Every structure is written in structure tokens, then in C-alpha cells.
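Chemist: generate coordinates for the sequence data below:
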Amino acid sequence: MRQYQPGPLPRVFQTTRIYDRRGRLLAETFGEGRRVWVSLDKVSPHLIDATVAVEDATFFTNPGVDAGRIAGAAIQNLQEGGIVSGASTITMQLARNLFLGVDQRYDQSFDRKVLEAGLAQELTDLYDKDELLEMYLNLLNYGQLAYGPEAAAQVYFGKSAADLTAAEAALLAGIPQQPAYLNPYDDFEAAKRRQRIVLDLMARHSYLTESEADALYDEPLELAGDRGLAPNLTPHFVQYVIERMNVELGEGYVQRAGFQVYTTLDLDLQNVAQQIVADWVTELEPVYGLSNAALTVLANGTAEILAMVGSADFDNDAIAGQVNVAISSRQPGSAIKPILYAAAIDDNLVSPASVLWDVPVTYTVGLPQSIGGSGMLAGDALTYRPQNYDETFHGPVTVRSALANSYNIPTVKLLDALGVERMLEVARAMGVRSLDQSSDWYGLSLTLGGGEVTLL
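Modeler: Okay, the predicted model is just below:
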């Protein structure tokens with residue numbers, strides 16, 4: 001199947017599921033269709049019986065082709081003056097889906113039928129009937145982008161394929177003949193008419209009595225409302241995971257690979273984080289006009305992502321909610337200061353008890369530039385005089401006090417002594433990859449948040 005199925009790798013696409021660190025489902029994602037490959041023992045016997053009855057009643061006894069059906073189809077086609085019956089067995093249909101391209105698959109020529117029959121006989125020699133039926137069922141298109149019995153059962157009835165009732169199975173078994181037109185969401189009456197045919201065939205081939213078939217046809221069916229696809233509980237994080245994996249595996253690979261992806265995220269903490277973001281936006285919007293926010297939680301020591309809230313509302317276009325602000329470049333303000341202090345202490349330039357002077361200072365700058373934090377451009381934009389957020393000077397302060405109180409002036413002086421290039425070197429070593437410009441680009445405003453970084 002890997003060799004012959006058309007399309008990109010992996011050949012047989014399957015739905016990928018993404019879980020949190022405790023195995024709780026966060027989301028499902030798929031490419032061209034939904035499929036969860038299941039073994040035959042995880043498919044309702046009702047669906048197996050209905051499928052065999054409607055597609056190939058002699059499946060379990062024929063050698064891949066049914067000579068009687070072929071002869072009957074030939075006579076019918078001759079009488080009608082055209083192709084009205086193909087007489088393909090389940091194994092012939094499987095061979096067609098496995099080995100023939102789209103240009104050949106719908107060709108009704110005699111040569112194509114001979115090829116299909118030969119391939120079906122080879123498949124019968126290579127695999128037992130259960131293996132052939134498992135492949136056949138899992139490759140079937142049930143409409144609504146659902147391939148295989150598990151996806152179909154989830155999409156149409158919100159349950160596993162193993163739990164399908166006889167009435168539900170009879171409805172599903174009829175869809176693959178014309179999945180675009182027999183989709184019960186689009187035309188329930190057409191699907192019911194096809195169910196009637198399936199039930200009659202099941203009665204004809206002794207899977208049911210006629211009265212049982214009538215009772216099943218009258219049994220009410222409740223569709224799931226297309227709730228088969230799990231809701232995406234953490235859209236920004238799921239998108240982040242997929243994008244990271246696609247970088248390694250190729251664009252679009254993850255969505256069709258059928259992976260079970262277990263992540264570091266903690267759904268309980270994620271829910272708390274989402275509520276915190278919502279609460280702060282509600283509180284600060286009337287005061288500051290704040291409409292959006294993002295939040296990440298990383299595990300100490302490992303930096304595992306425990307929570308990632310990329311925006312206040314993923315579905316709100318007014319705030320560009322689908323943009324993941326957690327991985328978007330923004331000025332960090334004073335949150336960048338600990339990197340400077342860590343570098344200075346690590347280089348033995350200062351200790352936590354060293355004294356820094358929080359007094360007015362003026363720097364000459366070579367070119368006009370944007371100054372972050374509470375910096376100011378003066379006169380002809382060739383001088384820079386940093387100020388504290390409280391617009392006061394505090395005289396001699398210890399390193400630990402300057403950092404704890406987020407004083408700007410002693411921090412800028414410390415960077416001047418350490419050097420912008422050294423702070424950039426330490427920041428990059430600590431994983432701040434977005435600070436990728438030269439030291440001249442940032443200047444002393446770097447330590448006040450003048451360089452853009454991501455929240456993550």
C-alpha cells in the first residue's frame with residue numbers, strides 16, 4: 001500500500017490525534033480525509049454482513065472473482081447496449097483501489113477488467129479473507145471526508161465502529177456506492193432509500209429475515225451532527241506542534257500520518273491559563289483599551305510547555321485571534337533584564353551585593369534610534385538619557401535591589417560596562433533566537449526591551 005497508493009507520503013492517510021501529558025485528547029487533525037485504521041475485530045459484525053451482502057455475497061468462497069456474476073453482468077450489459085454492471089467482487093474493488101491510478105480506476109474497458117481480475121486472484125493468494133476485508137473496509141470512502149468504518153461511525157453516529165447497531169450499519173454500508181450523493185447529512189432520504197436496498201440484499205442472502213429487515217428500516221436513526229471530529233481544545237498549541245513536526249517531516253505530513261502525539265501540555269493548567277488571560281483582558285480593557293493577551297507556562301529546568309494561550313479568543317477576527325502571540329515577536333520590556341544581570345554575575349563583573357549608581361547619566365549615540373523602556377531621545381537625537389519608571393533617582397543601590405525594583409538607569413550602566421555583544425551572546429545561548437541582529441542594531445536600549453523577542 002505504501003508503494004501503490006496515489007498521493008504524497010504516507011500513502012494511506014490517517015487522522016492524527018494530539019494529547020496532553022496525561023493522555024487527554026486535545027485535538028484531531030487530518031489532510032484530505034479522516035481515517036482511523038481498525039482491525040476487523042473492532043468493526044461491528046452488522047457492518048461486515050451488510051457490506052458483504054451488498055458488495056459481494058460470495059466473498060468468503062470466491063477466489064477473488066465471481067464467474068457467475070461476470071457472466072450475468074456480461075449478459076445484462078449486452079442487453080442494455082452499454083456498461084450498466086461491472087460485477088466487481090470486493091477483492092477486485094480492493095485491487096482497483098490499491099494498484100490502479102485515477103485514470104485507470106474508472107475505465108470500463110475489457111482490458112482493465114481482466115487486469116483487475118488477475119490482481120484480485122493474486123491478492124487472494126497472498127492474504128486471507130479477513131485481511132482482505134480489513135483493507136477493503138478501511139479504504140472505503142463513506143462521504144463527509146470519512147474513510148473507513150471507524151471514521152464513518154464517529155462522523156455519522158458519534159460512536160465507535162464496533163458499537164454500530166444493525167440499522168446504523170445498513171445505512172453506512174450503502175454510502176460507498178455514491179458517497180457524494182448518499183451522504184445522510186446532505187440527503188437523508190436518499191441514504192434511507194439505499195439502506196432499504198442493503199436490508200433487502202441482507203434478507204436475500206439470509207443475513208436477516210424479511211420481517212427483521214422491515215423492522216430495521218423503520219428503526220429511527222439519530223445522526224451525530226458531525227461531532228465525530230474532536231473539538232480543538234488548544235488551537236494555538238496544536239498548530240504550534242503540527243508546524244514544528246512538519247519542519248522535520250515535511251509540510252502536511254503530520255495531518256495524514258495517523259500519529260498519536262503525546263505532548264508536554266497540561267490541560268488543567270491550560271484551562272487555568274486561558275481563564276487568567278480572559279480575566280485580565282476583561283479587567284484592563286476599559287482602563288487601557290487592552291483587547292488581547294497571551295500567556296505561556298514552562299516547566300522549570302526542562303522548559304517543557306505546560307500551557308500556551310496564543311490570544312484571548314482564537315475565533316475573534318477583530319483581535320486577529322488566530323495569530324499566536326506567544327510565538328510572535330514583541331518588545332519584552334524589563335522582562336529581558338535578568339539576562340543582563342545573569343551575564344554580568346556569571347562574568348564576575350558584579351555580585352548581588354555590588355553597588356550601582358542610580359543617578360542621571362547621558363550617553364552619546366551615533367545615529368537616531370528607537371529607545372525602549374523609559375529611554376529618551378534628546379535634542380538632535382544624538383544623546384540618550386535613560387530614566388526610571390518612577391521618574392526619580394535612588395542614588396547608590398545594590399545589584400539585587402536594582403534588579404528587584406527594575407530600575408532602568410543602573411541597568412543601562414551595567415550593560416554599558418558588560419557590552420551589548422556579550423548580552424546578546426548570553427541571550428542566544430539561553431535560547432532567545434529572535435535577537436539575531438548586530439549589537440549596533442540594538443544599542444543600550446536592549447536591556448530595557450528594545451529588541452523584539454517571542455513570549456515563548
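Chemist: count the neighbours of residue 361 for me.
Modeler: Per other C-beta atoms under 10 Å, the neighbour tally for residue 361 reads 15. Glycine gets a C-beta too; all of them are placed from N, C-alpha and C.
Chemist: tell me the pLDDT of residue 367.
Modeler: At residue 367, the pLDDT value in this model is 53.
Chemist: also residue 87?
Modeler: Per-residue pLDDT puts residue 87 at 70.
Chemist: kindly report the same for residue 450.
Modeler: On pLDDT, residue 450 comes in at 88.
Chemist: for the stretch 351-456 of the chain, what spans make up the strands?
Modeler: For the stretch 351-456 of the chain, the strands defined by DSSP state E, counting those that start in this stretch occupy 355-358, 363-364, 377-378, 383-384, 395-398, 453-454.
Chemist: of all these, which one is nearest residue 324?
Modeler: Each of the strands of the stretch 351-456 of the chain has some distance to residue 324 by C-beta to C-beta; the shortest is strand 453-454, at 9.3 Å.
Chemist: got a list of contacts for that closest one?
Modeler: Residues outside strand 453-454 that contact it (C-beta atoms under 8 Å, 6 or more residues apart in numbering): 326, 327, 328, 329, 330, 332, 336, 432, 434, 435.
Chemist: between the strands of the stretch 351-456 of the chain, which gets the lowest average pLDDT?
Modeler: Looking at the strands of the stretch 351-456 of the chain, the bottom one is strand 377-378 with a mean of 44.
Chemist: returning to that earlier point: using a markdown table, lay out the strands of the stretch 351-456 of the chain together with mean neighbour count and distance to residue 412.
Modeler: Compiled in a markdown table, the strands of the stretch 351-456 of the chain are given as follows (neighbours: other C-beta atoms under 10 Å; distance: least, C-beta to C-beta, whole Å):
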| stretch | mean neighbour count | distance to residue 412 |
| --- | --- | --- |
| strand 355-358 | 18 | 10 |
| strand 363-364 | 11 | 8 |
| strand 377-378 | 13 | 14 |
| strand 383-384 | 16 | 8 |
| strand 395-398 | 14 | 13 |
| strand 453-454 | 18 | 18 |
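Chemist: I'd like those as a markdown table, with distance to residue 443 appended.
Modeler: Output for the strands of the stretch 351-456 of the chain, formatted as a markdown table (distance: least, C-beta to C-beta, whole Å):
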| stretch | distance to residue 443 |
| --- | --- |
| strand 355-358 | 19 |
| strand 363-364 | 9 |
| strand 377-378 | 11 |
| strand 383-384 | 8 |
| strand 395-398 | 23 |
| strand 453-454 | 16 |
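Chemist: so who does the closest residue to residue 166 other than its chain neighbours touch?
Modeler: Distances taken as C-beta to C-beta, 6 or more residues apart in numbering place residue 46 nearest to residue 166, at 4.3 Å, with adjacent residues excluded. Contact analysis of residue 46 by C-beta under 8 Å, 6+ apart lists 164, 165, 166, 168, 169, 170.
Chemist: out of those residues, which one sits closest to residue 396?
Modeler: residue 164 (78.5 Å).
Chemist: picking up where we left off before, mind checking which of the strands of the stretch 351-456 of the chain is nearest residue 147?
Modeler: Among the strands of the stretch 351-456 of the chain, strand 453-454 comes nearest to residue 147, with 37.7 Å by C-beta to C-beta.
Chemist: in what helix or strand does the nearest residue to residue 210 once chain neighbours are set aside lie?
Modeler: Leaving aside its chain neighbours, residue 210 sits nearest to residue 203 (5.0 Å; criterion: C-beta to C-beta, 6+ apart). Assigned by DSSP states H and E, residue 203 belongs to helix 188-204.
Chemist: that older thread, how about the contacts of residue 46 in TSV, adding pLDDT, secondary structure and neighbour count?
Modeler: Compiled in TSV, those are given as follows (pLDDT from 0 to 100; DSSP: H, G, I helix; E, B strand; the rest coil; neighbours: other C-beta atoms under 10 Å):
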residue	pLDDT	secondary structure	neighbour count
164	97	coil	25
165	97	coil	16
166	97	helix	22
168	97	helix	26
169	97	helix	27
170	97	helix	34
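Chemist: burial count for residue 279?
Modeler: 11.
Chemist: looking at the contacts of strand 453-454, state which has the most neighbours.
Modeler: Result: residue 336 is most packed of the contacts of strand 453-454 (other C-beta under 10 Å), 23 neighbours.
Chemist: now do the contacts for that one.
Modeler: Residues near residue 336 by C-beta under 8 Å, 6+ apart: 427, 446, 447, 448, 449, 451, 453.
Chemist: now swap in residue 194 and tell me
Modeler: The contact partners of residue 194, by C-beta under 8 Å, 6+ apart, come to 171, 174, 175, 177, 182.
Chemist: buried set for stretch 343-361?
Modeler: For stretch 343-361, the neighbour count (16 or more other C-beta atoms under 10 Å) marks 343, 344, 349, 350, 356, 358 as buried.
Chemist: what does stretch 428-442 give?
Modeler: For stretch 428-442, the neighbour count (16+ other C-beta under 10 Å) marks 432, 434, 435, 442 as buried.
Chemist: before we move on, what about stretch 288-295?
Modeler: Quick answer for stretch 288-295 (16+ other C-beta under 10 Å): 291, 292, 293, 294, 295.
Chemist: what ranges does the stretch 201-350 of the chain have for its strands?
Modeler: So, for the stretch 201-350 of the chain - with DSSP E, counting those that start in this stretch - the strands run 260-262, 295-298, 305-309, 329-330.
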